[in-house]
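Enquirer: Dropping the sequence and predicted coords here.
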Amino acid sequence: MTGALWALAAGIGFGLFQTVNRRAVQGMDVYFATFIQLVVSALVLAGIALFTEDVGILFAAPLSAILNFAAAGFFHFFLGWTFLNASQKRIGAARTSPLIGTTPLFATALAALTLREFPSLPALFGIALIVLGAYVISEKSGGSDLRPMETGLKASWLGLSAAMCWALSPIFIRAGLKELNSPLLGVTVGAAASALGYGVVLLWQRMRGVKLEATNEAWLFKILAGILVGLSTWMRWIALDLAPVAIVLAITMVSMPLVIFLSPIVSGKHLERVTATVWAGAALVLGGALLLTFIS
């Protein structure tokens, strides 16, 4: 498949993940939820790698490649997933998803500055449609059943922070893949390193007496979410190895309409309100993503 099609598949997977994840974080501590997500993803990816890759090449790889993969994992998993889980818990999946839609905007600027990747005019138009759709949904709609004080920047900064982290990680992914061209091994290293780091954070929290609680239902949904996001992230890394960063991250925003459609079904309409304005914004996002898919 081309990079655009891998990105499309990753976007669908991310949409399913965000929907399931919203249900999971309702009954879990944010930090504990992120840790479980990391562990499940790392185990799934490691299992696939053992059966499909020569893992021995990791030991012969340059240290710089391993460090770049670990750095990519830090921004994408350790920080990005923490911000995502916190945002979904606070304002819901339908409202968080369009904020994540700003990722291509950050990615376009960062890729131009660091990788010298400059999108064509049609690609810039597609990216602009996606960002406009994200703005329409986040600013013109109610999203979840929020209190009046939970709107504007105060409610949005967590989702925007996740978007920025996900725009930063491809810089390190590209650097690592230049020295070890295996997206699967790279993403496995990133997930495993982040899971280890998160384990240290949780241990420190436990020593401070913080309770890490989770309902039985939350466990079930979180394990499913971890599997979905692990596989989706792997597909995203493959796409980043084949296509420009801004285009890949823009196409993966097809996750947004999927989240908007499924979240009220999975989490309940009382938590996830979807209006005509939300769908109008989602249509802009989908249109931009499809444009980028066909021109890539």
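Expert: Yes, it's here. For clarity, every value in this text was computed on a predicted model and none was experimentally measured.
Enquirer: Show me the shaky parts of the stretch 101-250 of the chain.
Expert: Counting by pLDDT under 70, the stretch 101-250 of the chain contains low-confidence ranges at 137-155, 207-216.
Enquirer: from what I can see residue 287 touches residue 127, true?
Expert: No. Contact criterion C-beta atoms under 8 Å: residue 287 and residue 127 do not qualify, at 11.7 Å. (Each C-beta comes from the backbone N, C-alpha and C, glycine too.)
Enquirer: Looking at these two now, which is surrounded by more residues?
Expert: Counting neighbours by other C-beta atoms under 10 Å for residue 287 and for residue 127 shows that residue 127 has the greater number, 24 against 14.
Enquirer: Would you confirm that the more buried one belongs to a strand?
Expert: No. Read with DSSP: H, G, I helix; E, B strand; the rest coil, residue 127 is helix and lies in no strand.
Enquirer: what's the distance between it and residue 190?
Expert: Noted for residue 127: a distance of 25 Å to residue 190, by C-beta to C-beta, to the nearest Å.
Enquirer: do the same with residue 118
Expert: Going from residue 118 to residue 190 by C-beta to C-beta gives 27 Å.
Enquirer: Quick check on these two: which one has the bigger neighbour count.
Expert: The neighbour comparison of residue 118 against residue 190 (other C-beta under 10 Å) goes to residue 190, with 32 against 12.
Enquirer: Could you check which helix or strand contains that one?
Expert: According to DSSP states H and E, residue 190 maps onto helix 183-207.
Enquirer: which helices and strands sit right next to that helix?
Expert: Packing contacts for helix 183-207, counted by 3 or more C-beta pairs under 8 Å, 6 or more residues apart in numbering; DSSP states H and E, involve helix 30-52, helix 57-60, helix 63-73, helix 153-179, helix 216-242.
Enquirer: Output those in CSV, with distance to residue 112 appended to each entry.
Expert: Output for the helices and strands packed on helix 183-207, formatted as CSV (distance: least, C-beta to C-beta, whole Å):
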stretch, distance to residue 112
helix 30-52, 30
helix 57-60, 32
helix 63-73, 19
helix 153-179, 11
helix 216-242, 16
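Enquirer: Let me have these in a markdown table, extended by mean neighbour count and distance to residue 201.
Expert: Output for the helices and strands packed on helix 183-207, formatted as a markdown table (neighbours: other C-beta atoms under 10 Å; distance: least, C-beta to C-beta, whole Å):
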| stretch | mean neighbour count | distance to residue 201 |
| --- | --- | --- |
| helix 30-52 | 20 | 7 |
| helix 57-60 | 11 | 25 |
| helix 63-73 | 21 | 14 |
| helix 153-179 | 21 | 16 |
| helix 216-242 | 22 | 17 |
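Enquirer: Nearest to residue 202, out of the ones you listed?
Expert: helix 30-52 (5.5 Å; C-beta to C-beta).
Enquirer: got a list of contacts for the closest one?
Expert: With contacts defined as C-beta atoms under 8 Å, 6 or more residues apart in numbering, helix 30-52 is touched by 21, 24-25, 28, 55, 77-78, 81-82, 85-86, 89, 184-185, 187-188, 191-192, 194-195, 198-199, 201-202, 205, 212-214, 218-219, 222-223, 225-227, 229-231, 233-234.
Enquirer: just the buried members of those residues?
Expert: Buried members of the contacts of helix 30-52, counted by 16 or more other C-beta atoms under 10 Å: 21, 24-25, 28, 77-78, 81-82, 85-86, 89, 184-185, 187-188, 191-192, 194-195, 198, 202, 214, 218, 222-223, 225-227, 229-231, 233-234.
Enquirer: Would you mind measuring from residue 227 to residue 64?
Expert: Noted for residue 227: a distance of 31 Å to residue 64, by C-beta to C-beta.
Enquirer: Look up phi and psi at residue 56.
Expert: Residue 56 adopts backbone torsions of phi -60, psi -20, taken as degrees, to the nearest 10.
Enquirer: so how far is residue 49 from it?
Expert: Distance of residue 56 to residue 49, computed by C-beta to C-beta: 11 Å.
Enquirer: just residue 178 next, same as before
Expert: Residue 178 is 19 Å from residue 49, where distance means C-beta to C-beta.
Enquirer: ditto for residue 71
Expert: Using C-beta to C-beta, we find residue 71 at a distance of 19 Å from residue 49.
Enquirer: pretty sure residue 123 contacts residue 289?
Expert: No. Assessed by C-beta under 8 Å, residue 123 is found out of contact with residue 289, at 11.5 Å.
Enquirer: what about these two, which has more around it?
Expert: Taking other C-beta under 10 Å, residue 123 and residue 289 do not tie; residue 289 has more neighbours (30 against 21).
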